[in-house]
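Q: Kindly return the folded structure for what I paste below:
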Amino acid sequence: MSYPPELRTAERQLLSDGQVLVADGRVLRVRLSARRSKLGLTVERDGSLTLRAPSECESERASAFVRAGREWIDSKLRLRDQLRPVHPTRTFTEGETYRYLGREYRLLVVDEPGAPVRLSAGRLRMDRATAADVRTAHRAVTSWYRKVGLNWAQGRLQPWAARMDVAEPAVTVRDVGRRWGTYRAGDDAAGGGRMALHWAVFQLPAQLVDYVIAHELAHIRVAGHGPEYWRLLRRAIPECERLKVELDEMGRRVWLGDVPTDQPSGVDDDRSASGRDVEAAAVEQSSPSSFVSARGLSPGRATR
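A: Coordinates of the predicted model:
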């Protein structure tokens, strides 16, 4: 038996875009899309919940989906608390430690000719005039990371692209916001597209930087973070799960460009405020029993 549209809508209690849904004792913001056929849940960076649903989705269907995802939501909220960022600040004073590819180097303020910042004889050397001003010092150090990081990444990109049988993309090193890296496809099928790596990632050990590079290269073949994506990455890096855990832990402790709050905050760089979240997990399944967890590179948004 069929009902007129207006009666069906009333009886089924359809969700509306932007409404607040209370289900299983949780408060969720609803986002509807006519292009969706499945329900999805997102734990946002601030701990709030978003329910993503197709148009004309019934409230009862949504509530059942939330109830079925109870354990998943709880696990992501616990993970968020465990991996809360504890990023340090820097004042650019002599003796501070700076990491490059996992090794620590103490800052030495010098009066000698040369680049404003350079790595020499096991010390990160900074010109005294540069160190005297927080803005100038910040710009010089992050520029140094961009320069040495780009040189290192360009040497690693070709071997990884060959190993994963993908076209080698152009690469830049800059601030990419709340991510460790990004990949943007090229305009044509033959192009390798463009990869951007965050300058701060080069503080991490080389194997973790390799992991980020491989993570982005895998997107040349697979756009999302579904099972096919993780199978591809696992073939290239069998130990990718272990590296993911290491990146989650070490990544929350790297310097992201922050200076003490009593210092000038308007540093001349394109960094974002704080926290880094590379590619939040983006796998959606029609039922909790078939859900396969695909994790991003750093704690933040989590989507099922």
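
Q: Rank the helices and strands of the chain by mean pLDDT and give me the bottom one.
A: Within the chain, no helix or strand scores below strand 281-282, which has a mean of 28 by mean pLDDT, DSSP states H and E.

Q: From the contact counts, what lies against whatever helix or strand residue 245 lives in?
A: Using DSSP states H and E, residue 245 sits in helix 240-251. Using 3 or more C-beta pairs under 8 Å, 6 or more residues apart in numbering; DSSP states H and E as the contact test, the elements touching helix 240-251 are helix 206-217, helix 227-236. Bear in mind the C-beta positions are built from the backbone N, C-alpha and C, glycine included.

Q: Could I get the buried residue list for it?
A: By neighbour count, with 16 or more other C-beta atoms under 10 Å as the criterion, the buried positions of helix 240-251 are 240, 243-244, 246-248, 250-251.

Q: Repeat that for stretch 100-114.
A: 100-101, 105, 107-110.

Q: can you check stretch 60-77 too?
A: Buried residues in stretch 60-77, counting neighbours by 16+ other C-beta under 10 Å, are found at 62-63, 65-66, 68-69, 72-73, 76.

Q: and the helix holding residue 245, how far from the chain's centre?
A: A distance of 12 Å separates the C-alpha centroid of helix 240-251 from that of its chain, computed with C-alpha atoms, centre = their mean, to the nearest Å.

Q: Dump that helix to CSV, restricted to CA.
A: Taking C-alpha atoms only, helix 240-251 is exported to CSV below (Å, rounded to 0.1, in the frame of the first residue of the first chain):
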residue,chain,number,x,y,z
CYS,A,240,52.1,0.4,7.9
GLU,A,241,49.9,-0.3,11.0
ARG,A,242,52.9,-0.1,13.3
LEU,A,243,54.2,3.1,11.6
LYS,A,244,50.7,4.6,11.9
VAL,A,245,50.8,4.1,15.6
GLU,A,246,54.3,5.6,15.9
LEU,A,247,53.2,8.6,13.8
ASP,A,248,50.2,9.1,16.0
GLU,A,249,52.3,9.2,19.1
MET,A,250,55.4,11.1,17.8
GLY,A,251,53.4,13.4,15.6
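
Q: quick one: average confidence on that helix?
A: Helix 240-251 comes out with an average pLDDT of 89.

Q: With stretch 207-216 instead?
A: For stretch 207-216, the per-residue pLDDT averages 96.

Q: Could you check it and say which residues are buried?
A: Residues 208-216 are the ones in stretch 207-216 that count as buried (16+ other C-beta under 10 Å).

Q: quick one: which of those is nearest residue 22?
A: The closest of the buried residues of stretch 207-216 to residue 22 turns out to be residue 215 (C-beta to C-beta; 36.6 Å).

Q: show me where the stretch 51-200 of the chain has strands.
A: When assigned using DSSP state E, counting those that start in this stretch, the strands of the stretch 51-200 of the chain occupy the ranges 97-100, 103-110, 117-120, 123-127, 170-174, 181-184, 194-198.

Q: Now render these as TSV, adding mean pLDDT.
A: Listed next are the strands of the stretch 51-200 of the chain as TSV, based on pLDDT from 0 to 100:
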stretch	mean pLDDT
strand 97-100	95
strand 103-110	95
strand 117-120	94
strand 123-127	95
strand 170-174	95
strand 181-184	92
strand 194-198	95
